[in-house]
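Asks: need coordinates for the following:
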Amino acid sequence: LLEPNIIFLNHGSFGACPIPVLEKQAFYRTMLEKEPVRFFLREFEELYYSALQELANFISVNVENIVFIPNATNGINAVLKSLHFTAEDDILTTNHAYPACKNLLHFIAQKTGAKVNIAPIDLPIHNSQEIVEAIIAKITPKTKIALIDHITSPTGITFPVEQIVKKLSSFGIDTLIDGAHAPGSIKLSVETIGAAYYVGNCHKWLCAPKGSAFLYIHPDKQENIHPTTISHAYISHAMNPYSRFQSEFYWTGTNDFSAYLCVPESIKFMGNLLSGGWEQLMKRNSDLVIFARKAFCKILNIEPGCPDNMIASMCSFQISDGNENGPFPHNYVDPLQTRLFNCYNIEVPIISWPYPPKRLLRISAQIYNTSEQFEYLATALEKNR
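Replies: Modelled structure (predicted):
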């Protein structure tokens, strides 16, 4: 459904859902509206757990350890608001963390007295060990949990999460992985990572409808984690075949859950676009982004922000400083982003990072993008330097 006259290079923000998947969603919505009681009481449970199993197979996880959630930020809220923090606790993250999640950390700190420690990881990064060492350097005796991105939102860098989790575990620190950009962008085996908690979006690189994501919780941690909305399943019942963890997240009140049910259709549709399936699709997207980054770095005479093997389906590169020092509201749009859209029909994000007026331009590659589109962006950037 993307407008054909728009050069859409921002798949990373909200994804783009294929028409056949939207048609499947319309089918489920019709089922619901034709007979809501039948749908919710007699049909939804089987559809839900069948879809969850398909997702579990795709991300290599035991289905009993994941649940559907509306988005990754919702899952991070569920985990951190379920945990008990005091003034004796530190929460560790990096300066690459998603702004909404950093806001949550500061909210918790204000409510509980806990301290947020931010590990600065400057660009360029030359190897994965630099990331690990920067995070470890900010550990304190009070560090209780670390919020670490799998693929960073502002900078588009794939962090070595297995190494990070293993190192933090050796200090007795649990890790919550923000994997918003990982499913469908890289081959994912959630339980192999070893984190206590992991969230991932389905609406981004899996191209499922908006409002579909998942939360993984290690079996040892499930008892203490609850959804942001407490509903009927808070009280356990012997007749319920599912765990309390599964049941609480399954039903958080009346809603349109059709996006969850469409995840299998998205996995199937996207996986059939190329003869090599998902592996070929992910490699194609990564290769295209790396190609584009090399061209931009040459034009702008800048060094890449990280090695090629840390790039998945999106990346960022530094551009000239902006003219405003911030701070900016959450819906702020950089003047260059507006100019690229209005004058060139290019949709691409300009991000203030690590702080204003410093700026990054982030590009994304999905099956509908071409090298010619990135060349067109390069031409536009040359004219607006």
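Asks: so which residues of the stretch 201-350 of the chain form helices?
Replies: Counting by DSSP state H, counting those that start in this stretch, the stretch 201-350 of the chain has these helices, from start to end: 244-250, 258-261, 263-271, 277-300, 335-344.
Asks: need the contact partners of the last one.
Replies: Spelled out, that is helix 335-344. Taking contacts as Cβ atoms under 8 Å, 6 or more residues apart in numbering, the residues outside helix 335-344 that touch it are 7, 319, 322-323, 346-350, 359, 376-377, 380, 384. Using the backbone N, CA and C atoms, a C-beta is placed for each residue, glycine as well.
Asks: re earlier: G211: which of the helices of the stretch 201-350 of the chain is closest?
Replies: helix 258-261 (4.0 Å; Cβ to Cβ).
Asks: how is this protein divided into domains?
Replies: Taking automatic domain parsing as the domain assignment, the ranges for the chain are 7-16+274-383, 25-268.
Asks: could those domains be laid out in JSON lines, adding mean pLDDT?
Replies: Supplementary listing: the domains of the chain in JSON lines, determined by pLDDT from 0 to 100:
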{"stretch": "domain 7-16+274-383", "mean pLDDT": "95"}
{"stretch": "domain 25-268", "mean pLDDT": "97"}
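Asks: which residues in this structure form strands?
Replies: 7-8, 66-69, 90-94, 115-119, 143-149, 174-178, 197-201, 213-217, 314-319, 346-347, 350-352, 359-364 (DSSP state E).
Asks: list the helices and strands the third one packs on?
Replies: Using 3 or more Cβ pairs under 8 Å, 6 or more residues apart in numbering; DSSP states H and E as the contact test, the elements touching strand 90-94 are helix 99-112, strand 115-119, helix 128-136, strand 143-149.
Asks: rerun at 6 Å
Replies: Applying 3 or more Cβ pairs under 6 Å, 6 or more residues apart in numbering; DSSP states H and E, one finds that strand 90-94 makes contact with strand 115-119, strand 143-149.
Asks: got the contact list for the first one?
Replies: If you take Cβ atoms under 6 Å, 6 or more residues apart in numbering as the criterion, strand 115-119 is touched by 90-95, 105, 109, 134-135, 138.
Asks: related to what we said a few turns ago, closest one to L1 among the domains of the chain?
Replies: Short answer: domain 7-16+274-383, nearest of the domains of the chain by Cβ to Cβ, at 7.6 Å.
Asks: and that closest one, how far from the chain's centre?
Replies: On the basis of Cα atoms, centre = their mean, to the nearest Å, the separation between the geometric centre of domain 7-16+274-383 and that of its chain is 17 Å.
Asks: same thing with stretch 231-243?
Replies: For stretch 231-243, the distance between its averaged C-alpha position and the chain's averaged C-alpha position is 30 Å (Cα atoms, centre = their mean).
Asks: most neighbours out of the contacts of helix 335-344, which is it?
Replies: Taking other Cβ atoms under 10 Å to define a neighbour, the member of the contacts of helix 335-344 with the most is V348, carrying 23 neighbours.
Asks: tell me which residues touch that one, please.
Replies: 9-10.
Asks: pretty sure K142 contacts D90?
Replies: Yes: with contact taken as Cβ atoms under 6 Å, K142 and D90 are classed as touching, separated by 4.2 Å.
Asks: just name the most buried of the domains of the chain.
Replies: Ranked by average neighbour count under the criterion mean count of other Cβ atoms under 10 Å, these are headed by domain 25-268 at a mean of 19.
Asks: compute the first-to-last residue distance for it.
Replies: Domain 25-268 has its terminal residues 14 Å apart, counting by Cα to Cα, to the nearest Å.
Asks: give me the distance between it and the centre of its chain.
Replies: Computed by Cα atoms, centre = their mean, the chain-centroid distance of domain 25-268 equals 9 Å.
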